[in-house]
Every structure is written in C-alpha cells, then in structure tokens.
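Q: structural data only, the sequence is not supplied:
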C-alpha cells in the first residue's frame, strides 16, 4: 500500500469543487441563491456558450465590503452560520461557504461589489485558486460575479461538459426554477447577447406562469392552504398540461428547489384520479414549514432535504392537491351526492343503480334498452369508465381505455409507414417553441414521426410549425401532442426510443378515455373488434384489459354456497 499523504491544497480544492460545481447550471444556481440571501430584488444572468465560456450574475443586494471581499474564496467562509446550533434552523438558501471557493478553484472568477450606502466599490479576482489583491472599483450597489473558462484547469472535468446548447438548456431550467419559486424577484436572462426573457419584480406566480408557459392551454389552478404544519401554495396544471416526464413539476421547500421523493409521490397521489397512467403532473408547489422541521444539510448541492415528520407532510400535500383539483375539475353532469344507510355516498338518480337493476332482472323502467351484441349477451357502461358484459358463466368487467388502446395498437402496427395510416392536414398550423436539444431530437426521429402521421417544419431558430397530425389524434391539441412525443424521445437518456414505444404512445392517446361516454353502437363495435385481436388480454402498457367474475364466485361471495 502506498504511503498515506495529505493532498495539496489545490488538488483538494478541485476535488471539493466537483461536489458543488457539476456544470454551468450549478454555478448559476449558487450565485442566484447568494443574491437572494443578500436581499436582491433584481438579478441579471448572462451566459455565453451555454456558460462554458462565461457566466455573469449581477444583483442589487446588500453588497460586500472591501474588508470581507478578501475572504470570499476561503473555504467555509460564510456570513450565514456562526454556531453548529444554527444548522438546526437554516433560514437561507446558502450556508456552507463552499460555492465561491469551489468556483475559484476551477475557473477564472471576478467579483465586483459595492455595499448599499457606500461611495465606492471593490473588486477581487481569483484564478485557479490564486488570489489577486482587492482593489477599489466603481460599481453600482450590489454584487456582480463573473465566471470564465469553467474547468479550464481540470481537463478531465471539462471534457464531460455537453455542447453549448445542451448546457444552456440546463441553465435555462435553473433560472426558471428561481422564477417560479421566487415570483417577486425580477429576473433578466441573456444568452450570447440576446435577451431570452425579462421578468419584472413583484409578480404573482400566476402572472409569471402566464408569461413563461406555452400559450393557449387550459388555465392553471392557483391554491393556498395553511395548517399547523405550515403553508402550502402554488399553481396546479390542468390534466391537459400533464407530461410524460416529471420535468413540468417544480417543488420548493422554504424557497429552495428540491428533488424530494416524498413530495413527488404526494403530488402524484393527489393527481392520481385525474391523470391516465404514465402521465405526470405539471405544477408549481411551494411548501413553507418551520426551519427546524427539516434538514437541508443532507446533499452537497442542497438538492435533497429530510423531513422530521414525513408522514403528515405526505398526507397533507396529497389531500390538498386532490381537493383543489376536485373543486376545480368537477365532472359535468354529476349532481349532488347522497348517503345511503351504510354511509356510502352515491350520486342521486344514479344511472348505475338503474343499469344494475335492469341487468339483474329487477323491476325498473324499460328504457333505454340495453344493446344486444352479435353474441346475444348484454353489456352496459359503468361510470363512463368500464364495460360490464354478461358472459356465459358470469360477468366480465372491461377497462374501456385499455381495450381500445390494444385495438388501436394492433391497427397502427399493421398500417405504420403506409398510405393506409390516415393523417389530418391542419388548416391552422400552430407553432411550438423547442430547445436546441429538442430540435435536434425531432430531426433525429423525423422519419419515424412522419411515418406515424406527424408533419412539422422548422419555423424560426427555436420553433417548429406543426402541419399534420395522425387523424386518430385530431381531437387533441397539436402542440400538446408533439410536446408529449418530445418528452418521450427525451426520456431515452442515451438509449434509442424504438418504433414500438412511439406506436404504443399513439395508441394510448388515440384510445377512448376514462370518462368518455360511449354510445351503444360504439360499444358494440369495440367488442366486435376485440374478437380479431392477436392479444386481447393486455393493453399497450401491459395492464389487464378485463377481469371475469364467474357465477360460482358470485354465489360464494353472497354465501349461497
């Protein structure tokens, strides 16, 4: 075994930097957090080559005195903690004192700051851990940090940076997180000299979402709930805004953007009854709790937290999301509910009660008549979600979406790439904003998407115009459709998305949905098409299409055996 030695300070600094500074977006995150902690009302972010060449973050916060400026690049130097007890109730976004030290170890960093009320500012430069002397410099009140040539002295790290457009997309996502998490903060974002967006201060979250999200969609649902656990607020995207990844879900705890599994699952549980399987909510959810009830010191980049009482937090968020959606997305045509003698709530005048009465032969109004299938068996729709079919030895409960999805998948596979696959040419051709990475992805999969019925063309530097969609999906918004497929293609994370996966997504989107009312003729046609399926047992995602209850099972359940 080689002898044990103490690492040189410059090597240790570069290793430590890897935990805090992963890519340009990490730099932007740390610097905006510092600006917010400094009381800034406005922050300007500029990047060149996706941040690989240059990053500048300027704020109008309290500023740094010339005496303190010299300590900025010293490891663990911070104005936010003084004692170990302070870790139990962290009230700032930053607190470890590692960010600027780490940046200074792997980049060329220049800081110019002027404290509020001071007549003069000061400047300091650090290059690869080597400090220059602090010098006077004219500057506006606040602080500007400029980071150039990130990882210039760590070639092994720099070669793993992605292209400028890809790194820019990560930076943009980071800036948007602060825009949604701190709507009262003015944000100006510049890419290679061009203003990407300029958001004024003192906005509401709804105003900010309206300016940042794609236009023309269903309205988002604002909410605010206070309990003894804390304060929960934000805005919930409608089901039409749901995506196939979690990228549209922004979670904040005490102003800090987090990737917390408990919060993700809580929001997903709240949306469960409103989204089909495989869809993820788009929402902004901000939680405010006492600082002592969470531990933010469990991850080098502070991206994860730990709750002292995760169970109540989960239940509270799930219930709040569910109730907010229930009140805002009340299904049409459902009257007030009543409670039976057992405390079970059922809709008044329930069609289900009437249908079950007819199905099992009890006295009931003879109309409307149940459809007779070719098989002579009876069938009816239950809650606009399931088909209840009479079979020779009992009843069969069919998931209407799953069955139609399987039918559509097998038909799509037969007609894929041929002239038989119908497509709808659009008279009004909407456009969709895309990132550079997404535009590249569309070109890579252009042949597959066009064979599936899509048509699109480049429209400006960062947009595509949609000229055609699969006719099976013509009832959906074209922008939403193409966005969903972009999400699917982006999910690959380096692996190739196969044609089958794309056709499965098409089949899912074209199938009748939970809540669709099916006329008798459509029910009969669907069951007839089932008879010619190669695999009538599972849907495109592998879920069962139907379950069967035999007369023997029913009789045992009712204790007749």
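A: Looks like it arrived, so ask away. Since we're looking at a predicted model, the values are computed, not measured.

Q: wait, residue 40 sits on residue 60?
A: Yes - counting by C-beta atoms under 8 Å, residue 40 touches residue 60, with 5.4 Å between them. Where C-beta positions appear, they are placed from N, C-alpha and C, glycine not excepted.

Q: so what sits against both of the two?
A: Contact criterion C-beta atoms under 8 Å, 6 or more residues apart in numbering; residues shared by residue 40 and residue 60: residue 142.

Q: quick check, residue 203 in a helix?
A: No - counting by DSSP: H, G, I helix; E, B strand; the rest coil, residue 203 is not part of a helix but coil.

Q: could you find the closest non-adjacent residue to it?
A: residue 183 (4.8 Å; C-beta to C-beta, 6 or more residues apart in numbering).

Q: pLDDT score assigned to the one you found?
A: Residue 183 carries a pLDDT value of 93.

Q: can you check the one 4 residues further on too?
A: The pLDDT attached to residue 187 in the predicted structure is 95.

Q: next, residue 457: secondary structure please.
A: Going by three-state DSSP: residue 457 is strand.

Q: next, the nearest residue to it once chain neighbours are set aside: phi, psi?
A: Among residues not flanking residue 457 along the chain, residue 465 sits closest, at 5.3 Å (C-beta to C-beta, 6+ apart). Torsion angles at residue 465 (phi, psi; degrees, to the nearest 10) stand at phi -100, psi 130.

Q: was I right about residue 465 contacting residue 428?
A: No - if you go by C-beta under 8 Å, residue 465 and residue 428 don't touch, sitting 10.6 Å apart.

Q: those two: which has the busier surroundings?
A: Comparing residue 465 with residue 428 by other C-beta atoms under 10 Å, the one with more neighbours is residue 465, at 16 against 6.

Q: in contact with that one, which residues?
A: Counting by C-beta under 8 Å, 6+ apart, residue 465 touches 429, 430, 431, 456, 457, 458, 459.

Q: quickly note the distance from the last one to residue 271.
A: Pointing back at residue 459 there. According to C-beta to C-beta, to the nearest Å, residue 459 and residue 271 sit 32 Å apart.

Q: repeat for the second one
A: In this structure, residue 430 lies at 26 Å from residue 271, with C-beta to C-beta as the measure.

Q: next one: residue 203
A: Noted for residue 203: a distance of 26 Å to residue 271, by C-beta to C-beta.

Q: of these two, who's got more company?
A: More neighbours surround residue 271 than the other of residue 203 and residue 271, with 23 against 19 (other C-beta under 10 Å).

Q: what helices or strands is the one helix or strand the more buried one maps to leaning on?
A: Using DSSP states H and E, residue 271 falls within helix 261-271. Helices and strands touching helix 261-271, by 3 or more C-beta pairs under 8 Å, 6 or more residues apart in numbering; DSSP states H and E, are strand 249-253, strand 283-288, helix 310-328.

Q: coming back round to it: for beta bridges, what are the partners of the residue nearest to residue 457?
A: residue 431, residue 457 (DSSP bridges).

Q: gap between it and residue 324?
A: From residue 465 to residue 324 the distance is 36 Å (C-beta to C-beta).

Q: now residue 98
A: Distance from residue 98 to residue 324, by C-beta to C-beta: 38 Å.

Q: what's the burial count for residue 389?
A: By other C-beta under 10 Å, 20 other residues sit near residue 389.

Q: the one helix or strand it maps to pairs with which strands?
A: In this structure, residue 389 sits in strand 386-391 according to DSSP H and E. Applying DSSP bridges, strand 386-391 is found paired with strand 379-382 (antiparallel), strand 394-399 (antiparallel).

Q: buried ones in the first one?
A: Using 16 or more other C-beta atoms under 10 Å as the test for burial, strand 379-382 gives 379, 380, 381.

Q: looking at the second one now. What's its pLDDT?
A: Residue-level confidence at residue 380 comes out at 89, pLDDT.

Q: partner residues bridging it?
A: Assessed by DSSP bridges, residue 380 has beta-bridge partners residue 388.

Q: is it true that it touches residue 395?
A: No - between residue 380 and residue 395 there is no contact under C-beta under 8 Å: 10.7 Å.

Q: mind listing the shared neighbours of those two?
A: Common contacts of residue 380 and residue 395 (C-beta under 8 Å, 6+ apart): residue 388.

Q: which of the helices or strands spans residue 486?
A: helix 478-490.

Q: who's in contact with that helix?
A: Under C-beta under 8 Å, 6+ apart, the answer for helix 478-490 is 214, 216-217, 240, 243-245, 247, 426, 430-432, 434, 437-438, 441-442, 444-445, 449, 454, 456, 464, 466, 469, 473, 497, 501-502, 505, 509.

Q: hmm, back to that, what is the burial count for the residue nearest to residue 203?
A: Residue 183, neighbours per other C-beta under 10 Å, totals 21.

Q: before we move on, what about the one 4 residues further on?
A: Counted by other C-beta under 10 Å, the residues lying close to residue 187 total 22.

Q: cool, residue 528 as well?
A: Residue 528, neighbours per other C-beta under 10 Å, totals 12.

Q: residue 403 reaches residue 546, doesn't it?
A: Yes - with contacts counted by C-beta under 8 Å, residue 403 reaches residue 546, the gap being 7.2 Å.

Q: would you mind listing the buried residues in stretch 432-452?
A: 432, 434-439, 441-442, 445, 448-449, 452.

Q: mind listing residues that contact it?
A: 165-166, 168-169, 172, 214, 412, 416-417, 421, 456, 458, 462-464, 466, 470, 479, 482-483, 485-486, 489-490, 497, 499, 502-503, 506.

Q: hang on, the earlier thing: any chance of the strands paired with strand 386-391 in JSON lines, plus distance to residue 555?
A: JSON lines is the format used below for these (distance: least, C-beta to C-beta, whole Å):
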{"stretch": "strand 379-382", "distance to residue 555": "21"}
{"stretch": "strand 394-399", "distance to residue 555": "10"}
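
Q: now for those, which one comes closest to residue 74?
A: Relative to residue 74, the nearest member of those by C-beta to C-beta is strand 394-399, separated by 62.6 Å.

Q: average pLDDT across that closest one?
A: Strand 394-399 shows an average pLDDT of 93 in the prediction.

Q: from memory residue 413 sits against residue 503, does it?
A: Yes - using C-beta under 8 Å, residue 413 is in contact with residue 503, at 6.1 Å.

Q: more crowded one of those two?
A: Between residue 413 and residue 503, residue 503 has the larger neighbour count (other C-beta under 10 Å), namely 21 against 14.

Q: next, the contact list for that one, please.
A: Neighbouring residues of residue 503 by C-beta under 8 Å, 6+ apart: 409, 412, 413, 416, 452, 540.

Q: mind listing what the second one touches?
A: For residue 412, the contacting residues are 421, 452, 472, 503, 506, 507, by C-beta under 8 Å, 6+ apart.

Q: what about the fourth one, distance to residue 406?
A: Distance, residue 503 to residue 406, by C-beta to C-beta: 12 Å.

Q: quick one, domains of this protein?
A: Structural domains assigned to the chain are 9-202, 213-328, 350-561, following automatic domain parsing.

Q: make JSON lines from those domains and add distance to residue 3 to it.
A: Below are the domains of the chain laid out as JSON lines (distance: least, C-beta to C-beta, whole Å):
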{"stretch": "domain 9-202", "distance to residue 3": "16"}
{"stretch": "domain 213-328", "distance to residue 3": "29"}
{"stretch": "domain 350-561", "distance to residue 3": "40"}
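
Q: and those, which one is worst for confidence?
A: domain 350-561 (a mean of 78).

Q: which helices and strands sit right next to the host helix or strand of residue 529?
A: Following DSSP H and E, one finds residue 529 within helix 520-530. Other helices and strands packing on helix 520-530, by 3+ C-beta pairs under 8 Å, 6+ apart, are strand 379-382, strand 386-391, helix 400-415.
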